[in-house]
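Asks: Have a look; sequence and predicted model below, questions after that.
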Amino acid sequence: MSKISILGVPMDLGADRRGVDMGPSALRYADLNEHLVELGHEVEDLGDLDVIIPETQHYGDPQAKYLKEIADACQRLAGLTLDVYERGRTPLVLGGDHSIAVGTVSGMAEGFRRKHMNLGLIWFDAHADMNTPQTSPSGNVHGMPMASILGYGPPELVEIFHFSPKLPRDRVVMIGIREVDREERELVKRSGIRVFTMKEIDRRGIGSVMDEALGIVMRGTDGFSVTLDADFLDPYDSPGVATPVRGGASYREAHLAMEMIADTKRMASFEITEINPILDVHNKTAQFGMELILSAFGKQIL
């Protein structure tokens, strides 16, 4: 069993709709820490990163709202993630909006780079998150983290730890995509990363998709990171998300994906984002998120 360090990032700057800053609290309220200990893991909870709230600041550039504040939080998160990894522990990052993935992935990529090792990345999401300030229809930075990780977008996000891109594109996969902005679509295609849309999951089944996805992120790597936006899940099971899109992964599809990740024993970090308790029903989404974390960290049916 692994040594897990929990990092909460109550970031609520990347989207227009408030509430995802309460995601880390909602996951802890679902007894996440206790359940991980019951699974046999050693758990330390490092508390929450100190992040400003939108009401105290003007958003600045309308094409990339709160960019300075988000970049600052991501840089600090990157440093904390790196520290956890270098202490031989597995970072478990609780968001917050999905812009925090820039920090988490940057920290992990730097940790692997220092050891001359290769990192893969699995990104579960309804959205491609591959906008830049030039293409974003909203200016919301939570629609830009994947672009930043791949080296497109604001230097404040792209240049964390002074190297870019954070990962080669042939070691990155996206799963569950079903809503892509018109201009963003061009960058998704140009990036060349393997994208498994919901159409492909419907046609092939999640097991077949995960077999191929895991093959990609484990080929020539020493481990992989996972980041999961709760809107990957169908809103029926997961109503408390910032930007729900109908037709997402079902309860069992999501669990199977996490169980297959655990079976590899190669997961280096896990992140869950975009749980919004204000929009939730009886903490249902955080409860689901907590269960998925347990599956990713090795909980078995038998």
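Replies: Received, thanks. Residues are numbered from 1 along each chain as shown.
Asks: Which parts of the chain are helices?
Replies: Assigned by DSSP state H, the chain shows helices spanning 23-29, 32-38, 67-86, 101-114, 145-149, 155-158, 182-191, 198-204, 206-218, 251-264, 284-296.
Asks: tell me which residues in the second one are buried?
Replies: So the one you mean is helix 32-38. Neighbour-count burial for helix 32-38, counted by 16 or more other Cβ atoms under 10 Å, picks out Leu32, Asn33, His35, Leu36. C-beta: built from backbone N, CA, C; applies to glycine.
Asks: Enumerate every residue touching the spatially closest residue to the first one that is not a sequence neighbour.
Replies: Meaning Leu32. Leaving out its chain neighbours, the residue that sits closest to Leu32 by Cβ to Cβ, 6 or more residues apart in numbering is Met290, at 4.7 Å. Applying Cβ atoms under 8 Å, 6 or more residues apart in numbering, we find Met290 in contact with Leu27, Ala30, Asp31, Leu32, His35.
Asks: Over to Pro165?
Replies: Going by Cβ under 8 Å, 6+ apart, the list of residues near Pro165 reads Ile149, Leu150, Gly151.
Asks: I figured the last one hits Ile160, correct?
Replies: Read that as Gly151. No - judged on Cβ atoms under 8 Å, Gly151 makes no contact with Ile160 at a distance of 11.5 Å.
Asks: Among the two, which residue is more densely surrounded?
Replies: Set Gly151 next to Ile160 and count neighbours by other Cβ atoms under 10 Å: Ile160 wins out with 25 against 15.
Asks: Distance of that one relative to Leu150?
Replies: Distance check for Ile160 against Leu150: by Cβ to Cβ, to the nearest Å, it reads 13 Å.
Asks: My guess is Gly247 contacts Arg178. True?
Replies: Yes - if you go by Cβ under 8 Å, Gly247 and Arg178 touch, sitting 5.9 Å apart.
Asks: Pick out whichever of the two has more residues nearby.
Replies: Neighbours were counted for Gly247 and for Arg178 using other Cβ under 10 Å; Arg178 has more, 20 against 15.
Asks: Could you measure from that one over to Pro165?
Replies: For Arg178, the distance to Pro165 equals 25 Å [Cβ to Cβ].
Asks: on that earlier part again, the buried residues of helix 32-38 into a markdown table, with extra columns for distance to Glu110?
Replies: Below are the buried residues of helix 32-38 laid out as a markdown table (distance: Cβ to Cβ, whole Å):
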| residue | distance to Glu110 |
| --- | --- |
| Leu32 | 26 |
| Asn33 | 27 |
| His35 | 30 |
| Leu36 | 25 |
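Asks: Beta-bridge partners for the nearest residue to Arg171 once chain neighbours are set aside, please?
Replies: Spatially, and ignoring its direct neighbours in sequence, Arg171 is nearest to Gly120 (4.4 Å; Cβ to Cβ, 6+ apart). Counting by DSSP bridges, Gly120 is bridged to Phe224.
Asks: got a list of what Gly120 touches?
Replies: Contacts for Gly120 (Cβ under 8 Å, 6+ apart) come out as Leu167, Arg171, Val172, Val173, Ile216, Val217, Met218, Thr221, Gly223, Phe224, Ser225.
Asks: Can you say which of those residues are buried?
Replies: When the contacts of Gly120 are checked for burial by 16+ other Cβ under 10 Å, the buried set is Leu167, Arg171, Val172, Val173, Ile216, Val217, Met218, Thr221, Gly223, Phe224, Ser225.
Asks: any idea how far the first one lies from Met108?
Replies: Remark: distance between Leu167 and Met108 (Cβ to Cβ) = 9 Å.
Asks: ok so, going back, please name whichever of the helices of the chain is nearest to Leu302.
Replies: helix 251-264 (11.4 Å; Cβ to Cβ).
Asks: list the helices and strands the closest one packs on?
Replies: With contacts taken as 3 or more Cβ pairs under 8 Å, 6 or more residues apart in numbering; DSSP states H and E, helix 251-264 sits against helix 206-218, helix 284-296.
Asks: Please identify the one among these that comes closest to Glu253.
Replies: Evaluated over these, closeness to Glu253 peaks at helix 206-218, with 4.3 Å, by Cβ to Cβ.
Asks: Could you figure out how far the closest one is turned away from helix 251-264?
Replies: Compare the direction of helix 206-218 with that of helix 251-264 by axes from the mean of the first three to the mean of the last three Cα atoms, to 10 degrees and you get 40 degrees.
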